[in-house]
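Undergrad: just need the structure, nothing else, for what follows:
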Amino acid sequence: MLPSFFYCENCTSVVNNGNGCVQNIPFRFMKEHSEFARLEELTLKDPEGRMWHVQLFHRKTPKKNTSGTHISSGWSQFAQGNKLKLGDKCIFELLSRGKGEVMNVQIIRLARNSSS
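TA: Prediction:
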């Protein structure tokens with residue numbers, strides 16, 4: 001059975017592609033889930049159960065050691081709505097396949113000083 005999740009460190013250290021921020025989808029996940037190469041959108045489910053509709057962007061010529069696929073439109077709203085900070089980590093787990101892919105997103109917060 002293929003792994004149905006991927007892990008992201010520093011979810012706010014996203015790439016700014018000139019049109020806003022995007023979150024990379026790792027090469028290994030894309031290789032094992034080739035159906036994602038055809039997807040244009042998916043839904044992220046946050047820890048509070050809220051659903052966030054995002055779009056996927058696929059580079060025709062990916063950079064070395066990257067899948068070339070990113071969560072694009074909607075990622076900034078997801079990050080802001082979940083108050084992601086530099087150092088927070090996310091685990092993306094594929095919940096459903098076929099029409100209407102949904103990924104559950106667990107957020108692991110970086111321990112912060114209570115005075116900040």
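Undergrad: element containing the closest residue in space to Glu101 that isn't next to it in sequence?
TA: Distance criterion C-beta to C-beta, 6 or more residues apart in numbering; nearest residue to Glu101, sequence neighbours excluded, is Leu42 at 4.3 Å. In this view, the C-beta of every residue, glycine as well, is placed from N, C-alpha and C. Assigning secondary structure by DSSP states H and E places Leu42 in strand 41-45.
Undergrad: which other helices and strands contact that strand?
TA: strand 51-58, strand 102-108 (3 or more C-beta pairs under 8 Å, 6 or more residues apart in numbering; DSSP states H and E).
Undergrad: C-alpha coordinates for the last one, CSV please?
TA: The C-alpha coordinates for strand 102-108 follow below in CSV (Å, rounded to 0.1, in the frame of the first residue of the first chain):
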residue,chain,number,x,y,z
VAL,A,102,-9.6,15.6,0.5
MET,A,103,-6.4,15.9,2.5
ASN,A,104,-6.5,16.1,6.3
VAL,A,105,-3.9,18.5,7.6
GLN,A,106,-2.5,18.1,11.1
ILE,A,107,-0.6,21.1,12.5
ILE,A,108,2.3,20.7,14.9
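Undergrad: which is the next helix or strand following the worst-scoring helix or strand of the chain on mean pLDDT?
TA: The helix or strand of the chain with the lowest confidence, counting by mean pLDDT, DSSP states H and E, is strand 15-16 at a mean of 52. Scanning forward in sequence from strand 15-16 by DSSP H and E, the next helix or strand is strand 21-24.
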